[in-house]
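Trainee: Just a sequence and a predicted model for now, questions to come.
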2 protein chains.
Amino acid sequence: MIVDVHGHYTTAPAQLDAYRGNQLTNLNRPVKGSLKISDDEIHASLQGQLRQLENMGIDKVMYSPRAGGMGHEIGNELVSRYWTETCNDLIARVCSLYPDKFIPVCALPQSPGISPANCAAELERCANMGFVGCNINPDVAGGGQPFTPRLGDPWWNPLWEKLVELDMPGMLHGTSTCDPARHLNGSHYIMVDVMVVYELCSSDIFDRYPTLKLIVPHGGGAAPFQWNRHRALQIGAKHSFEEAVKHLYFDTAIYDGDSFEMLIRKMGVDNVLFATEMFGTAQTVDPHTGQRFDEVGVDFVKQISWLSDEDRTKIFEGNARKVFSRAKF
Amino acid sequence: MIVDVHGHYTTAPAQLDAYRGNQLTNLNRPVKGSLKISDDEIHASLQGQLRQLENMGIDKVMYSPRAGGMGHEIGNELVSRYWTETCNDLIARVCSLYPDKFIPVCALPQSPGISPANCAAELERCANMGFVGCNINPDVAGGGQPFTPRLGDPWWNPLWEKLVELDMPGMLHGTSTCDPARHLNGSHYIMVDVMVVYELCSSDIFDRYPTLKLIVPHGGGAAPFQWNRHRALQIGAKHSFEEAVKHLYFDTAIYDGDSFEMLIRKMGVDNVLFATEMFGTAQTVDPHTGQRFDEVGVDFVKQISWLSDEDRTKIFEGNARKVFSRAKF
């Protein structure tokens, strides 16, 4: 079985953006309103993705709302809550229509300057609907103000406690940025990944929450390539980087066989989860191969000669079962 | 000959920080004041570095003020100018005391919200003193406000024009950050590198300034590892990522043989400049080797079996001569 731990519903029908447009038009008097999308429209929106999954031999996808659209940086806590609930409810519908294919992962109603304690209720609600993980935005104001405390700061504890209680993993994934010098997919997401790896590995978060399960997407940003920079900076710290990083999981949304190898070589077979992030950043066609950048990941894992069959099973399936322990598949 | 294109004067005598302390104590009534450091104190401050360079066989260092101390985010334009001039003057003195070893590279009097046209006079002044390059901070407010325009924005043109006129390269290097969630060496610098590579390669900056020479430090941040992410996002753009990235130079301040190989493999022998960034991030001792992380770079380049002697000469010396064309060595 092949499990893709990182998929976003980027092909949702236009009504979802229309709902958001209406919400932001009324930004200063938030009302929940309702999203009207038929089952047929959901089916139609997924056909391209289903074909692609079939072609690639991917059996299951951890499916969450569009990352760039989580939009925590806009509006107040209530705006974030209404939008997040609406997006999560839509994911729940998708997954109930394709229970054998899509496994729900939720967004959180984060809001700049608001304690992540406000995410507990939505996490409970989603867990009760069968969600198996969540996406956490480590830079809530997206480069704007107020700054978000570092991930090792006790400010985050209520979220870590809830995740531990629910035995639910979190993927640390940026959303939009206010900074005009950053490109959303081209730099901001990777910048957030870079920040996350350093902060998590240099903090005492895993001393305090040893069973917390956190995933860094996009191959960990720069971490495998900057491996010895991390190591050098943590000499003399309580935990070496090599020890600390073993608490983290990394996905393979990096689209490059060379980088797949470096990721697995550095982080180890037990800490890597297969992912494509379809349909997202890499849906263009590579002129060198004639294939889409995001459709070659399965082959990369199969082609790495120094992986055993057991290793491949871990990357494709076993590690995902361990991390997403609430998922039944 | 081995040239290290990335060294900062991090061992300056305490009078330099005292000068800065005094300046910041009087932040709201800027005066230039004077820095009193004797030649003997400068000699003493450099002995460790000179020994290390000798041990490693490094002949020349492009030497600039401490990156983390450029401090553009604090105070107004005048504060930045006084501090920058003081630091550059100190670098000029170091290099005049060791003309065979250190080659001067300047900081710029950047200030949040102020046009980089304000850097022209200091660039002229430094060029006249024999400086051969400059460090440019792409995130002037260090994650704070106001945001800095993206590097492709015409806001930066006066700086690019001056660099082209002087035939002087710029290294794009972050300084301090206001964001509490970022670690200076551990994440902020690398985040800036990530932002820089995407922006430079996706903008039309090299159409407008084809002879502009820009260097991304720290192995390019994440760029070699995220190679196909970049490629995927630029399919359909005027220039492919592979074409665009050939305008940039990358240094080897990455401390890891595996990453050295990936950097050179992806960016090409003609675009990589040898660097150690001594003494900086990586001056701790690697327990695996018993050597400092930042002292093994020369060996890495020598050990990569698929490099020819000509390739090694380019990385150690030839590319630096080309990029730092004002340097006489």
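Mentor: Arrived safely, thanks for sending. These numbers were taken from a predicted model, which means no experiment stands behind them.
Trainee: which non-adjacent residue is nearest A:Ala327?
Mentor: A:Val132 (4.2 Å; C-beta to C-beta, 6 or more residues apart in numbering or on different chains). C-beta: built from backbone N, CA, C; applies to glycine.
Trainee: what are the phi and psi angles of the one you found?
Mentor: When read as degrees, to the nearest 10, the backbone of A:Val132 gives phi -120, psi 0.
Trainee: That one: neighbour count?
Mentor: 25 (other C-beta atoms under 10 Å in any protein chain shown).
Trainee: One more: A:Arg229?
Mentor: For A:Arg229, the neighbour count with other C-beta under 10 Å is 29.
Trainee: For the stretch 1-150 of chain A, which residues are neighbours of chain B?
Mentor: Those residues of the stretch 1-150 of chain A that sit near chain B, judged by C-beta under 8 Å from any C-beta of the partner chain, are A:Pro138, A:Asp139, A:Gly143, A:Gln145, A:Phe147, A:Thr148, A:Pro149, A:Arg150.
Trainee: separation between the second one and B:Leu233?
Mentor: Okay, so that is A:Asp139. From A:Asp139 over to B:Leu233 the distance is 20 Å, taken as C-beta to C-beta, to the nearest Å.
Trainee: more crowded one of those two?
Mentor: A:Asp139 (29 against 23).
Trainee: okay, A:Phe329: pLDDT?
Mentor: Per-residue confidence at A:Phe329 stands at 88 (pLDDT).
Trainee: Please apply the same query to A:His288.
Mentor: The model's pLDDT for A:His288 equals 95.
Trainee: isn't there a helix covering it?
Mentor: No: if the criterion is DSSP: H, G, I helix; E, B strand; the rest coil, then A:His288 is coil and not within a helix.
Trainee: For it, give its distance to A:Phe260.
Mentor: For A:His288, the distance to A:Phe260 - C-beta to C-beta - is 16 Å.
Trainee: Neighbour count for these two, which is higher?
Mentor: A:Phe260 (24 against 9).
Trainee: what's near enough to touch the closest residue to A:Pro169 other than its chain neighbours?
Mentor: In this structure, A:Pro169 finds its nearest non-sequential neighbour in A:Lys213, 3.8 Å apart by C-beta to C-beta, 6+ apart. Going by C-beta atoms under 8 Å, 6 or more residues apart in numbering or on different chains, A:Lys213 touches A:Leu163, A:Met168, A:Pro169, A:Gly170, A:Tyr249, A:Val323.
Trainee: Select from the residues you listed every entry located in helices.
Mentor: A:Leu163, A:Val323 (DSSP state H).
Trainee: out of the contacts of A:Lys213, who has the most neighbours?
Mentor: Neighbour max across those (other C-beta under 10 Å) = A:Pro169, 26 neighbours.
Trainee: May I have the residues that are in contact with that one?
Mentor: A:Val132, A:Gly133, A:Cys134, A:Leu163, A:Lys213, A:Leu214, A:Ile215, A:Tyr249, A:Val323, A:Phe324.
Trainee: I'd like to know which of these is nearest to chain B.
Mentor: A:Leu214 (15.0 Å; C-beta to the nearest C-beta).
Trainee: Please look at the closest one and A:Leu248 and confirm they touch.
Mentor: Yes: shown here, A:Leu214 and A:Leu248 form a contact pair, counting by C-beta atoms under 8 Å, at 5.8 Å.
Trainee: what residues are shared contacts of those two?
Mentor: Going by C-beta under 8 Å, 6+ apart, residues that sit against A:Leu214 and also against A:Leu248 are A:Leu200.
Trainee: out of everything not next to it in sequence, what's closest to the closest residue to chain B within the stretch 1-150 of chain A?
Mentor: Nearest residue of the stretch 1-150 of chain A to chain B: A:Arg150, at 4.3 Å (C-beta to the nearest C-beta). Among residues not flanking A:Arg150 along the chain, B:Ala181 sits closest, at 4.3 Å (C-beta to C-beta, 6+ apart).
Trainee: and that neighbour, how many neighbours?
Mentor: When neighbours are defined as other C-beta under 10 Å, B:Ala181 has 23 of them.
Trainee: Quick check: next helix or strand after the longest helix seen in chain A?
Mentor: Assignment by DSSP H gives helix A:77-97 as the longest helix of chain A. Heading C-terminal from helix A:77-97, the first helix or strand you meet, by DSSP states H and E, is strand A:102-106.
Trainee: need the contact list for the nearest residue to A:Gly130 once chain neighbours are set aside.
Mentor: Nearest non-adjacent residue to A:Gly130, counting by C-beta to C-beta, 6+ apart: A:Pro104, 6.1 Å away. By C-beta under 8 Å, 6+ apart, A:Pro104 lies in contact with A:Tyr63, A:Ser64, A:Asn88, A:Ile91, A:Ala92, A:Val94, A:Cys95, A:Cys126, A:Met129, A:Gly130, A:Phe131, A:Val132.
Trainee: All good on my end, thank you.
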